[in-house]
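Asks: Below are the sequence and a predicted model for it; my questions follow.
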Amino acid sequence: MNNKIYQKTLEMIPPLSLLLLWELFVLIAVLDARFFPAPHVILISLWEQITLGYYWHDVSSSLIRITLGFVIGSVVGVAIGISIGISSLCRALFEPIVAATFPIPKLALMPLIILLFGLDELGKVIVIAIGVLFPVIIQTTAGISNVDQTYKEVAYNYGASRWNYFKTVALPAAAPSIFIGLKLGSGMAILLIVAAEMQGASAGIGYRIWSAYSLFDIPTMFVALSTIALLGYLSYTVIEKLEHRVISWHRSPQKERDASGKNKD
Amino acid sequence: MQVEKIRIEQLRKQFVKKNKMVEAFHSISLQIKDGEFVSIVGPSGCGKTTLLRVIAGLELPTSGTMHIQHHDSNQPLNAMVFQEHSIFPWMTVRENIAYGLTMRKVPPSIKKSIVDHYLLKINMVNFAESYPHQLSGGMKQRVSVARAFANDPEILLMDEPFTALDEQNRLLIQQELLKIWEENQKTVVFITHSIEEAILLSDRIIMMSAHPGTLIAEYEIPFPRPRKIEEIRSSTFYKNMFNEIWMQLKEEVEKSRSMEGMLPI
Amino acid sequence: MIASKVAPISERTSESTVNRNNDWYFRKPVSSKIKYGIPVSLILGWELVVSLSILDSRYLPAPSHIFQALLVAVSSGQLLADMQISLYRILTGFILGAAPGLVVGLLIGFIPFMRMFIQPILLAIRPIPKLALLPLLIIVMGIGEASKITLIMLGVFFPVAINSASGVLNLHQQYIDVARNYGASKYQFIKTVAIPGSLPTLCAGIKIGFADALLLIVAAEMIGANSGIGYRVWMAYSIFDMRMMFVSFIMMAGLGIASTMIIRFMEKRLIPWNK
């Protein structure tokens, strides 16, 4: 137990010393304070934004857009991925469309989406949903079509119907891969919110970055950068926690290695 | 033949698992003669692999002493044949067999003739330039055995090398091993689950107890060499020997089964 | 029953599968008519729907018009020029990002002290979407080529660094044991085990890095560029030229597919042992 605390403290040293070094470098003017404000200046800016009340408004505006876009994108993505994975006809229908649109960077689709759906909330949510959609479709399809042949044979041998097979074999076997898609999608959502809030927004973390850019307010920009990074980290962690809940039987390759490691006998 | 090669006294190994000290084995005293083929059998989890890894120098014992005679310092002391997945997937069969020689910077021409010799011995001349993913499980283990012999060590350590193979392949590879071994009479420490394999191959069988492991019995195997697997298997002496060893091993396996829940695996 | 009437084998098996309703198991592949018919009819349908004015051609131009615009862009040399400048930015940024990424990743992988020091910093900066750094980069480096190339460099650096480190750190224990048991020196271990063993993971990192580079070029050319495939998309948006926008999509998709194929080809060459 003590060992763990010791370990954690040890891990805190490099980032903390980096912050101290940063502070020091600004103080002795090795780093240009206009571009890289000292950590304490950034903290003060954070405090101001909180007391002025717009910090939480920014966070909640972005969070709502991200969450809506993520939920829509992942639900539609899993549905399309499953239909491709279990029906040959759906595969023939969707696969060429996905293959043709997947290589286009999702950011490039943003102007088209803005033109089709407008600059307001709907357009932003759809930008994020499209970004989430593709990795989820691809990972879901891969997960379902790569089910171990032996499991398939067991299901068939025990007389499973299509629905039974899907429910008891295909979906659980594909779950780890689907979660990879969700994680990739959440990363994409965090990236796209910055682009989506560049235009036609009046609040949001992405909006704050661009407004700080035009106002040359670098401390505010650093606050927004750290916030979006934290958000990215948290969303990843939440999905990972969910994954452990949903597929507790699944062991990551790393853990498997540990379990079958050298002291097995 | 009667020169002592390995002497182990009161050897003990503990390791930390989930913040608890676990004993792998204790009070092991053992002498192995030069050129002797010794097998170690015991229930799973009894620490036999750990014992072999300590002899190989891959792990340090917690207490006790171990003396190994190293006659010729130009020759490697030991080479190990691992359970499975130990030949490198990124090297061809030839490069894998040559691994130890490459590490010792043996001149290419000598290296080539040694590797060619063992390719012939394991009947894999036509696979010299193949990569492991093109080979069957039996072939991979043959390469693993050839790699160890090609390195020409004073001691061969084998950790259940044939466990993953099917019966037919196992019989053939056992015969091949006997043939290669009878040519150069190296000291061998061989770990196996199979009583049959132990009797067929070894001069002496050592039995370990259920976890935490220690030595509980020893059997001399008096069959003359060179041995023919088929002849030995059909003799009454073999059958009696098998039963005698199994009766004792059975007790240990039952003990270890009853403790299974407590094992650190 | 069975003996009284012996049905031909083929008939019997097909009967049993139908009875057990297990057509999911013996999945019949879709006929090639349907397989190729669907994309063709999708494009024809799109053409038809636009020419019948069911879809507004100002928003979704007909495929034939897009194709025309593509031909014009090719013959005028504009497409080639856009490709050239974007590829220059992508490749420069890619090399400038991948090389230090590899070095930092290997340092983390091989030297515990470096791991302790660099890894937390790397993990702290990684979750920042690289796109969000663009405004800061423009402020610090100006609006020219440097900020664009640096953005791509940053996008490539992280996946390459993290994957090369994890490739080394996640080497199978058994391979490490073999190298030790056969007396490999530190240098021999790195050369014969660590580097080949971590190549597949490293290649995955390079693929991710390149995909990120293709995404970030669109952002980098959004502000202060007057050429490049990313610029062309935003240009098309601001002058509401949807044909040009779709032509840009085709160019980007082509670039993405071509780069994937090239990387895959090099991977096969570099890692012939991989299945």
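Replies: Sure thing, it's come through. The model shown is predicted, which means the values in this text are computed figures rather than measured ones.

Asks: State the distance from the residue nearest to B:I114 when sequence neighbours are not counted to chain A.
Replies: Using C-beta to C-beta, 6 or more residues apart in numbering or on different chains and skipping residues adjacent in sequence, the residue nearest B:I114 is B:A150, 5.3 Å away. The way it works is simple: take the backbone N, C-alpha and C, and place the C-beta from them, glycine included. According to C-beta to the nearest C-beta, to the nearest Å, B:A150 and chain A sit 24 Å apart.

Asks: who in the stretch 101-250 of chain B is up against chain A?
Replies: Residues of the stretch 101-250 of chain B found near chain A (C-beta under 8 Å from any C-beta of the partner chain) are B:I191.

Asks: and the residue positioned nearest the centre of chain A, what element?
Replies: Chain A has A:S186 as the residue nearest its centroid, 1.9 Å off, counting by C-alpha atoms, centre = their mean. Using DSSP states H and E, A:S186 sits within helix A:171-196.

Asks: next one: B:T65
Replies: strand B:63-68.

Asks: got it, and B:R7?
Replies: Assigned by DSSP H and E, B:R7 falls in strand B:4-17.

Asks: Report whether that strand contacts chain C.
Replies: No. Using C-beta under 8 Å from any C-beta, strand B:4-17 stays clear of chain C, coming no nearer than 14.3 Å.

Asks: In three-state terms, how would C:I38 be classified?
Replies: Under DSSP: H, G, I helix; E, B strand; the rest coil, the three-state class of C:I38 is helix.

Asks: that older thread, okay, the strand holding B:R7 in CSV with CA atoms only?
Replies: Provided in CSV are the C-alpha atoms of strand B:4-17 (Å, rounded to 0.1, in the frame of the first residue of the first chain):
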residue,chain,number,x,y,z
GLU,B,4,29.5,-34.0,-11.3
LYS,B,5,28.0,-31.3,-13.6
ILE,B,6,25.3,-29.6,-11.5
ARG,B,7,25.1,-29.5,-7.7
ILE,B,8,22.2,-27.8,-6.0
GLU,B,9,21.9,-27.5,-2.2
GLN,B,10,18.9,-26.3,-0.2
LEU,B,11,17.7,-24.2,-3.1
ARG,B,12,14.6,-22.1,-2.5
LYS,B,13,12.8,-19.5,-4.6
GLN,B,14,10.1,-17.1,-3.5
PHE,B,15,8.5,-14.4,-5.6
VAL,B,16,6.1,-11.6,-5.0
LYS,B,17,2.6,-11.9,-6.5
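
Asks: contacts for that strand?
Replies: Here strand B:4-17 makes contact (C-beta atoms under 8 Å, 6 or more residues apart in numbering or on different chains) with A:263, B:21-36, B:47, B:50-51, B:54-55, B:59, B:61-69, B:154-155, B:187, B:189, B:264.

Asks: and the helix holding A:S186, what does it pack onto?
Replies: If contacts are counted by 3 or more C-beta pairs under 8 Å, 6 or more residues apart in numbering or on different chains; DSSP states H and E, helix A:171-196 sits against helix A:54-86, helix A:110-117, helix A:121-145, helix A:205-215, helix A:218-246.

Asks: which residue does chain B bring closest to chain C?
Replies: B:W90 (3.8 Å; C-beta to the nearest C-beta).

Asks: Can you check the pLDDT for that residue?
Replies: pLDDT for B:W90: 88.

Asks: next one: the one 5 residues further on
Replies: Each residue has a pLDDT score; the one for B:E95 is 92.

Asks: residues near it, how many?
Replies: B:E95: 18 surrounding residues under other C-beta atoms under 10 Å in any protein chain shown.

Asks: hmm, the helix or strand hosting it in reach of chain C?
Replies: Applying DSSP H and E as the criterion places B:E95 in helix B:93-97. No. Helix B:93-97 stays clear of chain C (C-beta under 8 Å from any C-beta), getting no nearer than 8.7 Å.

Asks: Could you give the separation of that helix from the chain centroid?
Replies: In terms of C-alpha atoms, centre = their mean, to the nearest Å, the centre of helix B:93-97 is set 20 Å apart from its chain centre.

Asks: What is the subsequent helix or strand relative to it?
Replies: Using DSSP H and E, the first helix or strand after helix B:93-97 is helix B:99-103.

Asks: distance between that following helix and the chain's centre?
Replies: Counting by C-alpha atoms, centre = their mean, helix B:99-103 is centred 20 Å from the centre of its parent chain.

Asks: Just list the residues touching the residue nearest to B:I114, thanks.
Replies: Counting by C-beta under 8 Å, 6+ apart, B:A150 has contacts B:97-98, B:100-101, B:114-115, B:117-118.

Asks: ok now do B:M103, which residues does it touch?
Replies: Counting by C-beta under 8 Å, 6+ apart, B:M103 touches C:179, C:182-185, C:188, C:192.

Asks: Please apply the same query to A:I137.
Replies: Counting by C-beta under 8 Å, 6+ apart, A:I137 makes contact with A:77, A:80-81, A:84, A:94, A:98, A:181.

Asks: Can you tell me which of those has the most neighbours?
Replies: A:G81 leads the contacts of A:I137 on contacts (other C-beta under 10 Å) with 29 neighbours.

Asks: Hmm, A:L133 and that one touching each other?
Replies: No. Contact criterion C-beta atoms under 8 Å: A:G81 and A:L133 do not qualify, at 9.6 Å.

Asks: before we move on, what SS does B:V189 have?
Replies: With three-state DSSP as the criterion, B:V189 reads strand.
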